[in-house]
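K.L.:
this is a predicted model, with the sequence first.
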Amino acid sequence: MSASFRDKDKSVNVQVLLRCRPFSEDELRSNAPQVVTCNDFQKEVAVSQTIAGKQIDRVFTFDKVFGPCAKQKDLYEQAIVPIVNEVLEGFNCTIFAYGQTGTGKTHTMEGECRRAKNGPKGQLPVDAGVIPRAVKQIFDALEGQHTEYSVKVTFLELYNEEITDLLAPEELSKISLEDKQKKQLPLMEDGKEEFLFEV
């Protein structure tokens with residue numbers, strides 16, 4: 001990668017990446033039509049729709065596109081490693097997944113670490129998502145410096161304008177839905193149209 005490309009890349013504050021998940025077993029069984037086509041190299045996604053017997057194709061361009069065959073490791077190395085490196089340089093960075101229910105956000109962000117044990121020498125499972133890979137990258141870098149360090153991490157879920165702390169102790173996650181709604185994290189504006197919350 002040339003220096004000018006790297007400099008150009010660093011000047012961009014927000015990037016939008018799209019990941020298309022593969023069909024689920026239910027979708028395959030029901031012969032659901034394929035309406036989304038990914039072109040990773042052109043960074044485009046085509047959506048086909050039939051309206052009144054006429055097929056309409058729309059093409060959308062993103063900063064990066066990961067098709068249904070993309071592996072967790074590839075997505076992480078291409079899209080997330082540079083962001084975590086910026087965190088390690090002292091910059092505040094945010095990575096979030098957005099999309100409808102069932103589109104693969106949890107798989108991308110968490111992966112299958114909860115059900116799988118670590119591999120040899122602390123290696124993550126193949127299907128580990130962004131969160132466990134980022135944590136591993138951060139701690140590997142810090143341990144390599146052989147200095148004392150302190151880390152503060154926040155993982156939040158914003159759903160239906162409600163914020164949930166995903167790192168809350170497990171006993172809090174067993175609270176009834178009614179009690180959880182009473183313990184929502186406060187969300188407020190600061191007068192500059194910026195939203196603030198405390199964890």
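P.N.:
Structure received.

K.L.:
can you give me the helices for the chain?
P.N.:
Listed in chain order, the helices found in the chain under DSSP state H are 3-10, 25-29, 72-75, 81-88, 105-109, 130-144, 170-173, 177-182.

K.L.:
contacts for stretch 93-111?
P.N.:
For stretch 93-111, contacts defined as Cβ atoms under 8 Å, 6 or more residues apart in numbering pick out 19, 21, 24, 72, 75, 80, 83-84, 86-87, 125, 127-132, 134, 158. All C-beta spots, glycine's among them, are computed from the backbone N, C-alpha and C.

K.L.:
so how far is that stretch off the chain centroid?
P.N.:
The chain centre lies 4 Å from the centre of stretch 93-111; the measure is Cα atoms, centre = their mean, to the nearest Å.

K.L.:
same thing with stretch 47-60?
P.N.:
With Cα atoms, centre = their mean, you get 28 Å for stretch 47-60.

K.L.:
over to stretch 96-112?
P.N.:
The gap between where stretch 96-112 is centred and where its chain is centred comes out at 7 Å by Cα atoms, centre = their mean.

K.L.:
give the buried residues for it.
P.N.:
97, 104, 105, 108, 109, 110, 111 (16 or more other Cβ atoms under 10 Å).

K.L.:
same question for stretch 151-165: list its buried residues.
P.N.:
163, 164, 165.

K.L.:
ok, now stretch 140-153?
P.N.:
For stretch 140-153, burial by neighbour count (16+ other Cβ under 10 Å) applies to no residue.

K.L.:
what sits up against it?
P.N.:
With Cβ under 8 Å, 6+ apart, stretch 140-153 has contacts from 88, 135, 138, 139, 167.

K.L.:
where does pLDDT dip in this protein?
P.N.:
For the chain, applying pLDDT under 70 flags the ranges 1-12, 113-122, 169-199.

K.L.:
any idea how it splits into domains?
P.N.:
2-144, 156-197 (automatic domain parsing).

K.L.:
neighbours around residue 31, how many?
P.N.:
Other residues lying near residue 31 total 7 when counted by other Cβ atoms under 10 Å.

K.L.:
got phi/psi on it?
P.N.:
phi 50, psi 50 (degrees, to the nearest 10).

K.L.:
measure it to residue 23 for me?
P.N.:
As for residue 31, its distance to residue 23 is 10 Å (criterion: Cβ to Cβ, to the nearest Å).

K.L.:
in this structure, which spans are strands?
P.N.:
17-19, 36-39, 44-51, 54-61, 64-66, 156-159, 162-165, 187-189, 195-197 (DSSP state E).

K.L.:
tabulate those (CSV), appending distance to residue 92.
P.N.:
Formatted as CSV, those follow (distance: least, Cβ to Cβ, whole Å):
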stretch, distance to residue 92
strand 17-19, 19
strand 36-39, 31
strand 44-51, 29
strand 54-61, 27
strand 64-66, 21
strand 156-159, 14
strand 162-165, 18
strand 187-189, 19
strand 195-197, 14
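
K.L.:
the closest residue to residue 56 other than its chain neighbours: how many residues sit nearby?
P.N.:
Nearest residue to residue 56, sequence neighbours excluded (Cβ to Cβ, 6 or more residues apart in numbering): residue 49, at 5.1 Å. Residues near residue 49, counting by other Cβ under 10 Å, number 11.
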